[in-house]
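> how does the following fold in three dimensions:
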Amino acid sequence: VVQVMECGGGSVQAGGSLRLSCVASGLVFSSYDLGWFRQPPGKDREGVAVIESDGSTTYADFVTGRFTISRDNDKNTLYLEMSSLKPEDTAMYYCAAVQSGPLVNWASGYWGPGTQVTVSS
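The predicted structure is shown next:
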């Protein structure tokens, strides 16, 4: 059984930092592309950052330079270092894992239940 679980969310003031972690079990972690997604209150879910199985990374424009995605394959853990947080970063943050390949469909991947990040001004 594949399980994905995020942790590390919380409440911070604008300008602060948080580190989210995501542990996945029951899969060959190193062969999966991993991503962080978020859903702000009243809005659709959006992609934040992706790290592929080969370590290459992609970021949404709104987090470039502020967030860093990384992975530790030995620990089956994905990270998201967030700094210079803004109130508009307030959202439920989700971790997802999808089998690496030429056609990646995140909707068919494995998702965690989410962790809430709240940034106050």
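
> so what's the residue lying closest to K75 once chain neighbours are set aside up against?
If the residues on either side of it in the chain are set aside, K75 comes closest to V23, at 7.6 Å by C-beta to C-beta, 6 or more residues apart in numbering. For glycine as for every other residue, the C-beta is placed from the backbone atoms N, C-alpha and C. Residues near V23 by C-beta atoms under 8 Å, 6 or more residues apart in numbering: 4-5, 7, 75-78.

> spit out the contact partners of the residue of the chain most remote from its centre.
In the chain, counting by C-alpha atoms, centre = their mean, S121 sits farthest out from the average C-alpha position, at 22.8 Å. Going by C-beta under 8 Å, 6+ apart, S121 touches 13-14, 87.

> by neighbours, which of those wins?
Most neighbours among the contacts of S121, by other C-beta atoms under 10 Å: A14, with 13 neighbours.

> and the gap between the closest residue to S108 other than its chain neighbours and T57?
Counting by C-beta to C-beta, 6+ apart, V98 is the residue found nearest to S108 once chain neighbours are left out, at 7.0 Å. To T57, V98 is 15 Å away according to C-beta to C-beta, to the nearest Å.
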